[in-house]
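1. fold the following.
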Amino acid sequence: MRNRTTSYFDFIKMKRLNYLYILSVFFLFCYACQGKQAKNVKQESHVSASVDEDFAIYKQKEKALEQAFDNMCRTYDTISDIYRKADYSAFLSNEFDKIEEFRLKAIRRFAGTEFAQSIIYESLFLYEANYKNFVKAIEALGDTIPDSEMKKAIFKAYDNLKSKQLTGMAPNFSLPDKNGRQVSLMDFRGKYVLVDFWASWCAPCREKNRVLYKQYSQLQKLGLNVVSISMDDNKDLWLKAIKEDGIQWTQLVDLKGFKGSQVRKDYKVEQVPTVYLIGPEGNVVAKDPTLDELVELVK
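-> From the prediction side, this is the model:
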């Protein structure tokens, strides 16, 4: 059996299952509290009925979007071919981003109220799987959010995830490339390096390879070196994926697999794909940067 973890979408589903019981109990408590607190807020700050109506409309739209996305995820689960799954993962990622942008707009719309808090709280299992999105949600909340049990739970989760982020100097590593030559992070000192954690069995990773393949020449022009570290525990499958995906950049492997990889643990990688931008001095600059962000960061 492979030493492996699941892809990002599978990781989200695991988080959902882990929280199902806790949230069902906590929701009942928080909604009861929210009803009382919301009533007090209305009495004290005269929140207009239009805000209540806007939130009700938001909830209806959110429910429809989430149900549609859940159906898409079920379709994803039925696909066995890695290439079709990679194609579909790109589609899923795009749809997920649309839903998240819809949430962020709503959080900004209801900033400073418990409505905004409840939007984050009810999607806490998603934010705990994506620090970048969690930061955006917290920033969108505003500075005048009322105290509540939801607020405590949100910031406890946020602070916990923040403490798990890789910061400071990137840990050094030394791993073999496809020819067996040991390659170290120190070999790239003085240069920007994009360190990409992936695996051949991970459909979103295979889609990420396609994206990197298209962007590679532009990344080179930016002076960026790309180093992919595979979490495969089967060398043949790793080499087969490299050939199939047309990977031209530096490819390394940790054949201990995802669970056994010390490099993965050192880099605090909980799911693949995960990408870090490492600066010329060896410092961690960004996690999962977009191409536009890379351009801004290295220019």
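
2. switch to C-alpha atoms for all contacts and neighbour counts from now on
-> Fine.

3. so who does R210 touch?
-> Neighbouring residues of R210 by C-alpha atoms under 8 Å, 6 or more residues apart in numbering: D245.

4. now the element after the host helix or strand of it, going C-ward?
-> Assigned by DSSP states H and E, R210 belongs to helix 203-221. Using DSSP H and E, the helix or strand that follows helix 203-221 in sequence is strand 224-230.

5. starting at the chain centroid, how far to that next one?
-> Centre-to-centre, strand 224-230 and its host chain are 19 Å apart (C-alpha atoms, centre = their mean, to the nearest Å).

6. renumber starting at 57 from here on
-> In the new count, where the first residue is 57, that last one comes out as strand 280-286.

7. the helix holding R266 vs strand 280-286, what angle?
-> 160 degrees (axes from the mean of the first three to the mean of the last three C-alpha atoms, to 10 degrees).

8. show the average pLDDT along helix 259-277.
-> Averaging pLDDT along helix 259-277 yields 95.

9. go through stretch 340-348 and flag the buried ones.
-> Under the neighbour-count criterion of 16 or more other C-alpha atoms under 10 Å, stretch 340-348 has 340-345 buried.

10. got TSV for the residues you listed, with secondary structure too?
-> Listed next are the buried residues of stretch 340-348 as TSV, based on DSSP: H, G, I helix; E, B strand; the rest coil:
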residue	secondary structure
V340	strand
V341	strand
A342	strand
K343	strand
D344	coil
P345	coil
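
11. please identify which of the residues you listed is nearest to Q123.
-> Taking C-alpha to C-alpha as the measure, Q123 lies nearest D344 of these, at 27.1 Å.

12. thinking again about what came up before, in the helix holding R266, what's buried?
-> Buried residues in helix 259-277 (16+ other C-alpha under 10 Å): 259-266, 268-269, 272, 275.

13. how far out from the middle of the chain is that helix?
-> Chain-centre distance of helix 259-277: 18 Å, with C-alpha atoms, centre = their mean.

14. any chance of the buried residues of stretch 340-348 in JSON lines with distance to D203 and pLDDT as columns?
-> Below are these laid out as JSON lines (distance: C-alpha to C-alpha, whole Å; pLDDT from 0 to 100):
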{"residue": "V340", "distance to D203": "34", "pLDDT": "98"}
{"residue": "V341", "distance to D203": "34", "pLDDT": "98"}
{"residue": "A342", "distance to D203": "32", "pLDDT": "97"}
{"residue": "K343", "distance to D203": "31", "pLDDT": "97"}
{"residue": "D344", "distance to D203": "32", "pLDDT": "96"}
{"residue": "P345", "distance to D203": "33", "pLDDT": "96"}
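
15. now, which of those sits nearest N290?
-> The nearest one, if we look at these relative to N290 and count by C-alpha to C-alpha, is D344, at 25.7 Å.

16. ramachandran angles for G198?
-> Phi and psi for G198, reported as degrees, to the nearest 10, are phi 90, psi 170.

17. quick one: neighbours of it, just the number.
-> Applying other C-alpha atoms under 10 Å, we find 15 residues neighbouring G198.

18. show me the contacts for it.
-> 164, 167-168.

19. excluding chain neighbours, what is closest to S284?
-> Spatial nearest neighbour of S284, excluding adjacent residues (C-alpha to C-alpha, 6 or more residues apart in numbering): D252 at 4.5 Å.

20. look at that neighbour and give its secondary structure.
-> strand.

21. surely it and V282 touch.
-> Yes: counting by C-alpha atoms under 8 Å, D252 touches V282, with 7.5 Å between them.

22. tell me which of the two has more neighbours.
-> Neighbour count, other C-alpha under 10 Å: between D252 and V282, D252 has more, with 24 against 20.

23. and G302, how many neighbours?
-> Around G302 sit 11 other residues, with neighbours defined as other C-alpha under 10 Å.

24. quick check: closest non-adjacent residue to it.
-> Counting by C-alpha to C-alpha, 6+ apart, the residue nearest G302 is Y269, at 7.4 Å.

25. still on that earlier bit, measure the residue nearest to S284 to T330 for me?
-> To T330, D252 is 6 Å away according to C-alpha to C-alpha, to the nearest Å.

26. confidence score at D66?
-> pLDDT for D66: 62.

27. and the helices in this protein?
-> 64-101, 105-134, 138-165, 170-178, 180-183, 187-197, 205-219, 259-277, 291-301, 313-316, 318-322, 347-354 (DSSP state H).

28. burial check on Y114, number of neighbours?
-> Residues near Y114, counting by other C-alpha under 10 Å, number 16.

29. fine, thanks again, bye for now.
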